[in-house]
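Asks: give the three-dimensional model of this entry:
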Amino acid sequence: MYHRIKDLREDKDISQTALAKILGMSQTGYSKYETGENDIPTSILIKLAEFHNTSIDYLLDLTNEKRPYPRNKNK
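Replies: Below is the predicted model:
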């Protein structure tokens, strides 16, 4: 899973520091997600999926489909 968040970040040509700032965290903290040193909290997974316009399942390597699922209109 960790390679996917790194690949998506690099595809957007954005640094760890810049993405960490968007997520409201330190570069060091974000770096630990990419290396697998720390598990990614659900709240950060949601932000990453929204930022990269993909699904959490894709981030977690549960599917190869990058497109996000349709949103629930009741929320």
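Asks: could I have the CA atoms of the strand or helix carrying residue 17 written out in PDB?
Replies: Take DSSP states H and E as the rule and residue 17 turns out to sit in helix 16-23. Written as PDB, here are the backbone C-alpha positions of helix 16-23 (Å, rounded to 0.1, in the frame of the first residue of the first chain):
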ATOM      1  CA  GLN A  16       6.500  15.200   0.800                       C
ATOM      2  CA  THR A  17       6.800  18.600   2.600                       C
ATOM      3  CA  ALA A  18       4.100  20.200   0.400                       C
ATOM      4  CA  LEU A  19       1.700  17.200   0.800                       C
ATOM      5  CA  ALA A  20       2.300  17.100   4.500                       C
ATOM      6  CA  LYS A  21       1.400  20.800   4.800                       C
ATOM      7  CA  ILE A  22      -1.900  20.100   2.900                       C
ATOM      8  CA  LEU A  23      -2.600  17.300   5.300                       C
END
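Asks: could I get the CA-only coordinates of the very next helix or strand once past it as CSV?
Replies: Helices and strands here follow DSSP H and E; after helix 16-23, the next one along the chain is helix 27-35. Extracted C-alpha coordinates of helix 27-35, given in CSV (Å, rounded to 0.1, in the frame of the first residue of the first chain):
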residue,chain,number,x,y,z
GLN,A,27,7.1,16.0,6.6
THR,A,28,8.6,13.5,8.9
GLY,A,29,5.2,12.1,9.9
TYR,A,30,4.1,11.9,6.3
SER,A,31,7.4,10.2,5.3
LYS,A,32,6.8,7.5,7.9
TYR,A,33,3.5,6.7,6.0
GLU,A,34,5.3,6.3,2.7
THR,A,35,7.9,4.0,4.2
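Asks: this completes my enquiry, with thanks.
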